[in-house]
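> compute the structure for the input listed below.
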Amino acid sequence: MCNERNNLQLGVMLKVLLKEHSLSMRKLSTQTGIDIATISRIISGKQLARPKHLQQFAEFFGVPAERFFEAAGYIFGQQKEEFDSDIHASVETIQGILSSANLLDMQYTKDKVEQKLANYEHYAQTEEGQRIIREDYQKKIQQVGGLGPFIDDLNQMYELYCLSSTTTHDRALLGSALLYFILPTDVIPDYIFPIGYLDDAIAVKLVLHKLSLLKSCPEQKDDRS
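The predicted structure follows:
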């Protein structure tokens, strides 16, 4: 019943926006790349909107993404504390629940995270990127409570990043994950609960996997240090 109510609330919001902008569902489909049948089912309350759909709607209409996520039933503000322990305790559990409910497109999320990591890898080698990591990392850790499996991994990555013996190549990789965690331009915004830090955890796993591959196959490393 709760899901049905949220679906209808989002549907009403989209209908109002379409009317205000004198747009048809077909035009919205063309502009966002979302299949018209999917838009129709979301508006009628027959299909749950995925985070990527909500982001696309927000960008197209110029409406804060938070409004779409709230209409779709995501949790914000004072209810954050109820979910923090779950987020930090088991990223895999949350990922499984969301995937089984068709609320998260893991391949889409992973691809987007990889794109941002590639950009941050270059940014981590700039003076500005290095300054952000050294000055803002501990502040961000305090914001999220500083607990949990992927936070432990991040702390270890930060320690490695700061070591003078760490190679330039490895520091760039480590820096990409740290910048992803610190900066607010996530694939999944941090204010969306309970999944706000899931993409940060994915970023950490991707970078750790790259580092492990480089360690096992040193010949693959392009080390310019």
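> helices and strands of the chain: which one has the lowest mean pLDDT?
Every helix and strand of the chain was ranked by mean pLDDT, DSSP states H and E. The lowest is helix 80-89, at a mean of 42.
> what mean pLDDT does the helix or strand containing Q9 get?
Q9 is located in helix 2-20, with elements delineated by DSSP states H and E. Confidence for helix 2-20, expressed as mean pLDDT, is 75.
> repeat that for stretch 33-52.
88.
> between the two ends of that stretch, how far is it?
For stretch 33-52, the separation between the terminal residues is 11 Å (Cα to Cα, to the nearest Å).
> now swap in stretch 139-154 and tell me
End to end - Cα to Cα - stretch 139-154 spans 13 Å.
> make 16 the first number, not 1, from now on.
New numbering, starting at 16: the last item is stretch 154-169.
> residue contacts, K220?
Each residue near K220 by Cβ atoms under 8 Å, 6 or more residues apart in numbering is listed here: F165. (C-beta placed from N, C-alpha, C; glycine too.)
> does it belong to a helix, a strand or coil?
Here K220 is recorded as helix under DSSP: H, G, I helix; E, B strand; the rest coil.
> next one, pLDDT for it please.
At K220, pLDDT is 84.
> show me the domain layout of this protein.
For the chain, the structural domains run 18-87, 119-231, going by the TED database.
> tell me the helix or strand right after the strand or helix carrying G144.
Using DSSP H and E, G144 sits within helix 142-158. For helix 142-158, the following helix or strand on the C-terminal side (DSSP H and E) is helix 164-177.
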